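**Student:** Using only what follows, build the 3D model:
(2 chains)
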Amino acid sequence: MLCKLNGFALDGLDGYSVAIETDISNGLPSYELVGLASTATKESKERIRSAIKNSGYLYPQKRITVNLAPADTKKEGPSFDLGIAVALLIASEQLNCDSYKKYVFLGELSLDGQLRHVSGVMPILIAAMQAGFTDFIIPSCNAKEASYIDGLNVYAFDSLKEVVSFLKDGQAKKVELVSFNSACDNKTFEYDFKDVKGQTVAKRALEIAVSGGHNVLMIGPPGGGKTMLAKCIPSVMPDMTFEEAVEVTKVHSIASVLDNSVGIVTTRPFRSPHHTVTVPALIGGGTKSRPGEVSLANLGVLFLDEMPEYSKTALESLRQPLEDRKIAVSRVQKAVTYPANFMLVASMNPCPCGNYGSKTAQCRCTPMQIHNYLSRLSAPLLDRIDLQIEVDGVSYDEFRDKQEAESSAVIKERIDKARQIQRNRFVGDGILTNAEMSERHLKKYCAIDQKGEQLLKMAFERLNLSARGTSRILKVARTIADLDGSENITTAHLAEAIQYRQLDRRYNV
Amino acid sequence: MFDYSKSTLALLALSYSEGTAEQKKDILTKISPEDIFDLKFKGVFNNDLTESIKNIIKGISYILSELDSANVRLLSVYDEEYPNSLKNIDNPPNLLYLRGNADLLATKMIAVVGTRRPTRYGVKVTEDFTKAFAQNSLTVVSGFARGLDSVSHRVCVSLSKPTVAVFACGLDVCYPAENKSLYSEILNSGGLLVSEYRLGVKPLQFHFPERNRIITGLSDGVFLAEASLKSGSLISARLAVEQGKELFVVPGNINSEASEGTNALIKEMQGAVVTSPEDVLERMGISPFKEETDTVQLSVTAQFVVNALYEGELHFEEILEAVKVSASELSAVLTELEIMGVVQKLNGNYYALA
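**Tutor:** Numbering: from 1, shown residues only, chains lettered A, B, ... in the order given. I've put the predicted structure just below:
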């Protein structure tokens, strides 16, 4: 007998419906799986046989043919296990029902018939909903992920047996809709700006960076607190909307880095790949075109500690995502586009030993070494970094103690206000932050008066600034003005923005 | 092409010939350069050196055209333009290769030497003194090396004043390579490049002390801002005293390794100590030219910042503490002060009066 039911598979962030067709006919006992299945999918044979047997059903000793249609796209992963097993039970007439036709089946089977977690449930549900499916059967450990999507009937089960009895009698509770806000309630951050004493310039610069979505580079000796400052950034980032959370969750779900107990990403991601990261791990790739760190950091922060230590090719590969805010991962088998709209936060030492320019420690590097170290960051890459600041460890203990540091909550309030101003300004422009402004937007929103022009001109002449940095200074000045609640960019805003172009001005020994 | 005398050409041939420096010196004590050029090797045995000289003199026009295309001219110790101050030292170079403005050799010169790995203090002192020297029409001579040498050349170039760089290699070799832009900037600002080595010679280790004797020899005084105990600049300083030049040394922090050499020198020769450019100018017999300072109108905050900085260099946080404004306002004020040239940003968020 023949049985045909629905599965669903992902191609990047988009999905497509997969028909799971099972036919049992007389002949020598065999199991044939066709439809361009990958190894993990092919191996389902053994899992399904054991799962059926251990759930108390009979594995049909006949000629079994399973087809995953469309037959010409590669099927990855074990998420078809459940669908195939149910189809086998129906085809072998151990389960008689008609209700199965409306469901999409997702789930990996374990040998004892339990259902295991599969990746990519949220993007699958969303894609399937757009394709017209409304009813789903999924493993219960994926239930959280499904609980945030409105308009679906999702049923979650622990084992094959439960699925079968549900299909027989239709008795089970739907996965309940959970509001996104309730998931956000118990959000806590490990690091808070109030724990960082001193570092006023750096904190101010990071506030500006987050407000305008600017990329930022921190330069300073080891132990100066660069990493600590970076780790505080998530605590001041604007809250995510539900749409943003879904966008982030989809990518995290595909990459299997999602916290299953929550099921959705509630805080903006903060990704800090180690400096030995390979290009495919950073921007995405592999035969499965898996999303890389840049996509996992989408709508959040990508933190590169000790930036010059990263391989040159890895750093240069960041140029396209920094420009386009998405990344096209092209492989022979698959070309996928993932979002990569992240804020780049990088840190570096001023020289290999880290003490160049320090007041207290002696630098042991030769000028050539320093030159080589700095030249690992190419000009086109630095061009995409709006703020460059110096961070140094001041050791004025008494001085620090008497200072009351602002908490992240206070800073975040100011940032939210500045972001709101930007949202209002860019209505209809298709962008959200000052950092995303193009030349056209700069002309429209960053007009400066004659005094400002003069200041810029003087700055180029006197302070060794490169004229290439003009648009960056303007963008940052725009954000400073927004934080100030000012409609126009004043000379004070410009002057402050110039302070954050440190790398342009140094190192001409 | 320049019209060189026979003796200059003979010295050129000698410089291009094979043979040790001793052999070359020896041959010059026995016969005159004119005779060498005329190939009259009376009383000198035919050896590799004389053979080599013969061959070179036959093809001398090729070498001359090569020098010409490199814009390099020759100056021999027998020429009138050869500076007396250099001629009077123990072992003056017989032949100098020059590129650029050779008239500078007739001007009053001061050597600015120092460590290759200066501290912030060394750079600042060298900049300030060099600026004063250049503005008081002293020609600054230095060795084109990394560190303070390059700092002094750069100051002159930025003021569009001529400066003399003495190379430890051929004039067509730019060592250190990162000074490539400085090489052409020195020439563009009317400076002069000097070397006793023929074109294409690499900067070998023993060339550096040899070069130092030319730097000090050319100058009337030698100024040293910063040198550690191992620094070659100390050798230059002692050499300068032997050659009878004025020595000017700036004292440094007694705890700084980079100033150990200069402080040791001062202990030996108390007379050498100087603490302002005027000290040097006075002893060089020059009445200092006063730079006109324009008065600038500062905002209230800016005035507070400047007052705070009178105490010395301060960290951003310290200024913030002293002035009590927001970080953003202070950043803006500091930029404006920097642009006005009143304040200077140092590494590590430190600021000082310029």
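
**Student:** for chain A, which spans come out with low pLDDT?
**Tutor:** The model of chain A has pLDDT under 70 over residues A:186, A:359-360, A:393-404, A:504-509.

**Student:** Show the backbone phi and psi for residue A:88.
**Tutor:** phi -60, psi -40 (degrees, to the nearest 10).

**Student:** let me redo that: residue A:501
**Tutor:** Note on residue A:501: its backbone torsions stand at phi -120, psi 60 [degrees, to the nearest 10].

**Student:** Grab the nearest non-local neighbour of it.
**Tutor:** Of all residues not flanking residue A:501 in the chain, residue A:469 sits nearest, at 5.5 Å (C-beta to C-beta, 6 or more residues apart in numbering or on different chains). Any C-beta I mention is one placed from the backbone N, CA and C, and that applies to glycine too.

**Student:** tell me, what residue is most central in the chain?
**Tutor:** Assuming you mean chain A. residue A:296 (2.4 Å; C-alpha atoms, centre = their mean).

**Student:** That was the other one, I meant chain B.
**Tutor:** Nearest to chain B centroid, counting by C-alpha atoms, centre = their mean: residue B:142, 0.5 Å.

**Student:** about what we covered before: pretty sure the residue nearest to residue A:501 is in a helix, no?
**Tutor:** Yes - with DSSP: H, G, I helix; E, B strand; the rest coil as the criterion, residue A:469 is part of a helix.

**Student:** For chain B, see how far away it is.
**Tutor:** Going from residue A:469 to chain B by C-beta to the nearest C-beta, to the nearest Å gives 14 Å.

**Student:** Pull the number of nearby residues for that residue.
**Tutor:** Neighbourhood size, residue A:469 [other C-beta atoms under 10 Å in any protein chain shown]: 23.

**Student:** Can you check which helix is longest in the chain?
**Tutor:** No chain specified, so I'll use chain A. helix A:408-425 (DSSP state H).

**Student:** Wait, chain B was what I had in mind.
**Tutor:** helix B:120-135.

**Student:** give me every residue that touches the residue of chain A found nearest chain B.
**Tutor:** Going by C-beta to the nearest C-beta, chain B is nearest to residue A:357 of chain A, at 2.7 Å. Going by C-beta atoms under 8 Å, 6 or more residues apart in numbering or on different chains, residue A:357 touches A:350, A:363, A:506, B:120, B:346, B:347, B:348.

**Student:** go again using 10 Å as the cut-off
**Tutor:** With contact set as C-beta atoms under 10 Å, 6 or more residues apart in numbering or on different chains, residue A:357 has these partners: A:219-221, A:350-351, A:363, A:370, A:390, A:392, A:506-507, B:120, B:346-350.

**Student:** Among those residues, which lie within strands?
**Tutor:** Members of the contacts of residue A:357 lying in strands (criterion: DSSP state E): A:219, A:390, B:350.

**Student:** partner residues bridging the second one?
**Tutor:** For residue A:390, the beta-bridge partners are residue A:219 (DSSP bridges).

**Student:** Is it correct that residue A:233 is in contact with residue A:301?
**Tutor:** Yes - look at residue A:233 against residue A:301 with C-beta atoms under 10 Å: they come within range, at 5.4 Å.

**Student:** Give me the common contacts of these two.
**Tutor:** A:209, A:210, A:216, A:268, A:270, A:343, A:345.

**Student:** Which strand or helix spans the residue of chain A closest to chain B?
**Tutor:** In this assignment (DSSP states H and E), residue A:357 forms part of neither any helix nor any strand.

**Student:** Just give the closest residue to it, not the sequence neighbours.
**Tutor:** In space, and not counting its chain neighbours, residue A:357 is closest to residue B:347: 2.7 Å by C-beta to C-beta, 6+ apart.

**Student:** list the contacts for the one you found?
**Tutor:** A:219-221, A:350, A:356-359, A:363, A:390, A:392, A:502, A:506-507, B:120.

**Student:** which SSE is the closest residue to residue A:173 other than its chain neighbours in?
**Tutor:** In space, residue A:173 comes closest to residue A:155 once its chain neighbours are excluded; the distance is 7.8 Å by C-beta to C-beta, 6+ apart. Secondary structure here is read from DSSP H and E; on that basis residue A:155 sits in strand A:153-157.

**Student:** Check which residues of that strand are buried.
**Tutor:** If you call a residue buried by 16 or more other C-beta atoms under 10 Å in any protein chain shown, then strand A:153-157 has these buried ones: A:154, A:155, A:156, A:157.

**Student:** Mind listing the residues bridging to the last one?
**Tutor:** Per DSSP bridges, the residues bridged to residue A:157 are residue A:139.

**Student:** Surely it is in contact with residue A:138?
**Tutor:** Yes - at 7.9 Å, residue A:157 and residue A:138 qualify as touching, with contact defined as C-beta under 10 Å.
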